[in-house]
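K.L.:
Sequence below, structure please.
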Amino acid sequence: MDGAAELLRRKWRVGAFGLALVAVLGTVLALRMASDGPGSPASRPASGSASPASEGTSPTAAASLLATPALIEFAGILDGAPMSAAEWGARKDRPPLAVMVDNTANAYPHAGLAAADLVYEAFVEGGVTRLMAVYWRHDADKVSPVRSARTPFVVWALELGALYAHAGGATTWNEANAIGQIFEWGVRDLDAFVTGSSTAYYRDSDRAVPYNLVTSTAKLYEAAASLGFNGPPAAESWKFRNPGDPAVGGTRAEGIEVDFQGTRSSWQMVQWKWDAAAGAYGRSAFGGPHLDAATGRQLQFATVIVMLAPGEVADESGHVLLQQIGEGPATVFTGGRAIEGVWRKASREARTRFFDTRGQEVAFERGPIFIEVIDRQSKVVVSESAAGLPALPPYEPPPAPPVQDEDAPAPGDSPPTVIASPTPGAGPAGTQSGTAGPGRTPGSSGPGPAKTPATVTPPAASPTNPSGS
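P.N.:
Have a look, this model is predicted:
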């Protein structure tokens, strides 16, 4: 009888331990599911889920599971980067802010790109590219030079639910009518030449028109509030890796060269080199490291995406429209590796998403993202090591373009004031005369013969390069 009682006590102790273990594991799983559940901040950017305990989990395995890093509670809606509760609280009710930035030789050096959560680079007229820097997690005291709106960027601003900052824009009778589309599609507009938002901009007298228009995220958010552009962000997050997630897969890719025109013209190509210590790709352009004027340091982004969105010229002014809806080839460079796949965008308002060859959405490294949008004639070189990239050609600026008046303020609009000091908030020094036109950009041909890289996207005829050379 005593033996039976002892056996019963042993069974009870084993059963009690098992129940306690199940209770602990259940609590861990419940907490992790709650932190990633609908309505929580982490439910937008977080990826992955807790793995259920296998049958017969040992105390050692349970302790290991308990030590697993919890899912990130607060994260950037655009770049997935971890945030403190205070940072989240200060930003949770403000929408993203998208700012158009010139990318011709006269625009360099840029200011404020280093603070962007997300940057797009894509073709505009003349075969050159323009940038759109998107802010939410960080602020920038100076963003310049601000330039005009173009339809492809309006589409991306729309899918992000972003406030859209620009200096005038294309006004046409065709599908490149960026200014008309801003109003038609309900984009919240912060035009530098419109009363109500013009106070967010000033001109830096140290630079020439139109490459001297400056703003800041604080001034833009202030102008947005005065116009009633408030409310929490509506952008659907991409998928991001969490601590402890498996490797990203793909192939090693520590060097990337994007040659937009396929001619290795120094003003139409960029390189990215993986910096393992920083966990990011460093950008080079205009013949050397691409420095931010505000920080003096090279631009670095955790993830670089190269996506093909073929373009067409819409009119005699050269306005470019891109095939942004549907799907096309894309390569995601993250964690020093290349993941081949496709981009997909179901509608004008839908978020562009990126999938691998198995059809799984790619999980990005947490941190700022840069998207390079190429055309058919563009060439992309991918190297296993950064040292394997060909040397950038010496920088040779393109011919100086004549000024257009497309971005000039309309009659009755309020032009930005000229500030002698580049510091926002300094006293006005008068009103800038003239226009804020983008300038006629050079043609697609570049100096010197094209060098054939080891790994390329084959050139083809396109609106920005009709010959296909």
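
K.L.:
Would you map the helices across the stretch 101-250 of the chain?
P.N.:
Using DSSP state H, counting those that start in this stretch, the helices found in the stretch 101-250 of the chain span residues 151-160, 178-184, 217-226.

K.L.:
Need those helices in a markdown table (columns: distance to Thr104 and mean neighbour count).
P.N.:
Heads up, the C-betas are built off the backbone N, CA and C, glycines and all. Shown next, in a markdown table, are these (distance: least, Cβ to Cβ, whole Å; neighbours: other Cβ atoms under 10 Å):
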| stretch | distance to Thr104 | mean neighbour count |
| --- | --- | --- |
| helix 151-160 | 16 | 24 |
| helix 178-184 | 18 | 18 |
| helix 217-226 | 23 | 19 |
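
K.L.:
Select, out of those helices, the one closest to Tyr281.
P.N.:
Evaluated over the helices of the stretch 101-250 of the chain, closeness to Tyr281 peaks at helix 151-160, with 20.7 Å, by Cβ to Cβ.

K.L.:
From the contact counts, what lies against the closest one?
P.N.:
If you count contacts as 3 or more Cβ pairs under 8 Å, 6 or more residues apart in numbering; DSSP states H and E, helix 151-160 packs onto strand 97-101, strand 118-123, strand 129-135, helix 178-184, strand 320-322.

K.L.:
wait, what's in contact with His110?
P.N.:
Contact partners of His110, counting by Cβ atoms under 8 Å, 6 or more residues apart in numbering, are Val101, Asn103, Leu131, Ser144, Pro145, Asp292, Ala293.

K.L.:
Are any of those residues buried, and if so which?
P.N.:
The neighbour count (16 or more other Cβ atoms under 10 Å) marks Val101, Asn103, Leu131, Ser144, Pro145, Asp292 as buried among the contacts of His110.

K.L.:
Out of these, which is nearest to Arg264?
P.N.:
For these, the residue nearest Arg264 by Cβ to Cβ is Asn103; the value is 17.6 Å.

K.L.:
contacting residues around that closest one?
P.N.:
Applying Cβ under 8 Å, 6+ apart, the residues contacting Asn103 are His110, Glu121, Val128, Thr129, Arg130, Leu131.

K.L.:
What is the neighbour count of Gly126?
P.N.:
20 (other Cβ atoms under 10 Å).

K.L.:
ditto for the one 3 residues further on
P.N.:
When neighbours are counted by other Cβ under 10 Å, Thr129 registers 25.

K.L.:
That one: what's it in contact with?
P.N.:
Asn103, Glu121, Ala122, Phe123, Phe260, Gln268.

K.L.:
out of the residues you listed, who's nearest Arg348?
P.N.:
Distances from Arg348 to the contacts of Thr129, taken by Cβ to Cβ, are shortest for Ala122, at 15.9 Å.

K.L.:
tell me the pLDDT at the residue lying closest to the closest one once chain neighbours are set aside?
P.N.:
Residue nearest to Ala122 in three dimensions, not counting chain neighbours: Val373, with 3.8 Å by Cβ to Cβ, 6 or more residues apart in numbering. Per-residue confidence (pLDDT) for Val373: 98.

K.L.:
isn't Val373 right up against Arg130?
P.N.:
No: the criterion here is Cβ atoms under 8 Å, and Val373 misses it with Arg130 at 10.4 Å.

K.L.:
My read is that Phe286 contacts Tyr395, right?
P.N.:
Yes: Phe286 is in contact with Tyr395 according to Cβ under 8 Å; the separation is 5.1 Å.

K.L.:
Looking at the two, which one has more neighbours?
P.N.:
Phe286 (21 against 14).

K.L.:
so which of the contacts of Thr129 would you say is closest to Ala346?
P.N.:
Using Cβ to Cβ, the contacts of Thr129 come closest to Ala346 at Ala122, 19.7 Å.

K.L.:
With that, I have no additional questions.
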